[in-house]
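Peer 1: Here is my input; please provide its structure:
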Amino acid sequence: MTGRAQRNGRHGRQAIVRRPSGRRLTLIDMNTSHTRRATIRQLAGRTVAAVLLAGMAACGTSSSHDVTSSSQIDPGPTNDTAAPAMPATTIPATPVDKPTTTSLATRPSATTDEVVAISGGHLHIRCSGSGATTVVLIAGWNDDHTSFNTIDTTLTASTRVCSYDKFGTGTSDPALDPQRFSTQATDLHELLRLANEPGPYVVVGHSFGGDVAVTFASTFHDEVRGLLLLDATPTTWNSVLCAVPNDGTAFATGLAGVCAMQAETSNNAEGIEGPSAFAEMDGIASLGSLPLIVDTAADLGYSDQGASPELATQLTDAWNAGQQHWVSLSSQGELVEVPDTGHYIHIDQPGLVVEQVTSLLS
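Peer 2: So this is what the prediction gives:
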């Protein structure tokens, strides 16, 4: 079942969990009383161009989330210089049962907040809490670690949590070399090693950070016990957005601007080389039976942002197909369609995200 659905429950609307065909469908009760509602509807009077300009000025710090939380528009590099697809990587159907780890007695427990020198420069990392598994939080495009402030403190009460700033964000060094999801995943792994933060890991990635998380799980699969994707950007999203003709409307002009920002490394803070970054994702064919939860907003709201009905349908179908692709990477994958949220699910529905991370830890 691939369609969207949502139901009303006694305590609020419910997220619909859709597992691969033949498996059961489960409902998760959700409390909809959260005061922070950075939903797409709040942007009904805001043009895509305004969102683009705000993102260029603020580079996605946590204070800008009520602007950017609308937008699955944020991912969208051009594909006119896409690198050749890499050979597909397939993880064995049954991953390693005992990921690389250390005994609980020797695992880190002190709060650390430091800038660590890795081979490509200096990256900022913050870790706190204690537990047998470390949760690694990967922020979206041009966001820093503070994007996860809504869930970080709650999670550290029960396990070890690390968040960090990618090159070009927060207090990390600028990106000196072109960045791709593969280089960001490798940088993260080196950072964790040098910061003495061993696995196993449950990895959480938002937006572009979801692509980094998938790459990390594929590359270092023997160290990863679970994966949570929060509105992760589909591997085809750049080509979909950049194929939209610029008819002069604010929506189309905004898309063209986003494509330009991600087409050249000098146009975005992270130095992402969009076309090659997304092309590399085609090389990941399977994550085996890794526990995987894929969250996506139930209402993408493109019509509210100014898209025509036909274009809104086209974008929605492409986004949904991308989420189904993420689910297909694991035999244990499941799709959760989350109501009452914009692009920043961990800000709009932090309680749900904490519950999901906890379920992956167990």
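
Peer 1: When you work out contacts or count neighbours from here on, use the C-alpha atoms and nothing else.
Peer 2: Will do.

Peer 1: pLDDT of stretch 163-171, averaged?
Peer 2: The average pLDDT within stretch 163-171 is 97.

Peer 1: Glu334 - that's part of a strand, no?
Peer 2: Yes. Under DSSP: H, G, I helix; E, B strand; the rest coil, Glu334 falls within a strand.

Peer 1: Name whatever forms a beta bridge with it.
Peer 2: In this entry, Glu334 is beta-bridged to Ile293, by DSSP bridges.

Peer 1: So it sits against Ser289, correct?
Peer 2: No. Assessed by C-alpha atoms under 8 Å, Glu334 is found out of contact with Ser289, at 11.6 Å.

Peer 1: quick one, which of the two is more surrounded?
Peer 2: Glu334 (24 against 18; other C-alpha atoms under 10 Å).

Peer 1: Make sure Thr169 is indeed in a strand.
Peer 2: No. Read with three-state DSSP, Thr169 is coil and lies in no strand.

Peer 1: Rank the helices and strands of the chain by mean pLDDT and give me the bottom one.
Peer 2: strand 7-9 (a mean of 33; mean pLDDT, DSSP states H and E).

Peer 1: which regions of this protein lie under the pLDDT threshold?
Peer 2: 1-105 (pLDDT under 70).

Peer 1: Tell me which residue is most central in it.
Peer 2: His206 (1.9 Å; C-alpha atoms, centre = their mean).

Peer 1: Contacts only, for it.
Peer 2: By C-alpha atoms under 8 Å, 6 or more residues apart in numbering, the contact set of His206 is 138-140, 229-232, 344.

Peer 1: any chance of those in a markdown table, plus distance to Phe251, secondary structure and neighbour count?
Peer 2: Converted to a markdown table, the contacts of His206 look like this (distance: C-alpha to C-alpha, whole Å; DSSP: H, G, I helix; E, B strand; the rest coil; neighbours: other C-alpha atoms under 10 Å):
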| residue | distance to Phe251 | secondary structure | neighbour count |
| --- | --- | --- | --- |
| Ile138 | 28 | strand | 30 |
| Ala139 | 25 | coil | 28 |
| Gly140 | 21 | coil | 26 |
| Leu229 | 26 | strand | 28 |
| Leu230 | 24 | strand | 26 |
| Asp231 | 20 | coil | 29 |
| Ala232 | 21 | coil | 28 |
| Tyr344 | 20 | coil | 27 |
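
Peer 1: Specify which member of those is nearest to Cys259.
Peer 2: Relative to Cys259, the closest of the contacts of His206 is Gly140; by C-alpha to C-alpha it sits at 16.2 Å.

Peer 1: The nearest residue to Pro339 once chain neighbours are set aside: neighbour count?
Peer 2: Of all residues not flanking Pro339 in the chain, Ala298 sits nearest, at 5.0 Å (C-alpha to C-alpha, 6 or more residues apart in numbering). As a burial measure, Ala298 scores 19 neighbours (other C-alpha under 10 Å).

Peer 1: same check, this time on Gly333
Peer 2: Gly333, neighbours per other C-alpha under 10 Å, totals 23.

Peer 1: Quick check, it in contact with Pro291.
Peer 2: Yes. Counting by C-alpha under 8 Å, Gly333 touches Pro291, with 6.2 Å between them.

Peer 1: partner residues bridging the residue nearest to the centre of the chain?
Peer 2: Leu230.

Peer 1: could you measure it against Asn142, distance?
Peer 2: Separation of His206 from Asn142 (C-alpha to C-alpha, to the nearest Å): 11 Å.

Peer 1: Going by distance to Asp187, which of the contacts of His206 wins?
Peer 2: Out of those, the member with the shortest distance to Asp187 (by C-alpha to C-alpha) is Ile138, at 12.1 Å.

Peer 1: excluding its backbone neighbours, what's nearest the closest one?
Peer 2: Gly205 (4.7 Å).

Peer 1: With Val244 instead?
Peer 2: Nearest non-adjacent residue to Val244 (C-alpha to C-alpha, 6+ apart): Ala252, at 6.9 Å.

Peer 1: returning to what we had before: next one: the residue nearest to Ile138 relative to Gln184, how far apart?
Peer 2: 12 Å.

Peer 1: These two: which is more packed in?
Peer 2: Applying other C-alpha under 10 Å to Gly205 and Gln184 shows that Gly205 carries more neighbours, namely 24 against 21.

Peer 1: correct me, but the residue nearest to Val244 touches Ala243?
Peer 2: No. Contact criterion C-alpha under 8 Å: Ala252 and Ala243 do not qualify, at 10.2 Å.

Peer 1: So between the two, which is more surrounded?
Peer 2: Neighbour totals were compared for Ala252 and Ala243, and Ala252 leads with 20 against 15 (other C-alpha under 10 Å).

Peer 1: wait, is the more buried one part of a helix?
Peer 2: Yes. Counting by three-state DSSP, Ala252 is part of a helix.

Peer 1: Near Ser359, how many other residues are there?
Peer 2: When neighbours are counted by other C-alpha under 10 Å, Ser359 comes out with 12.
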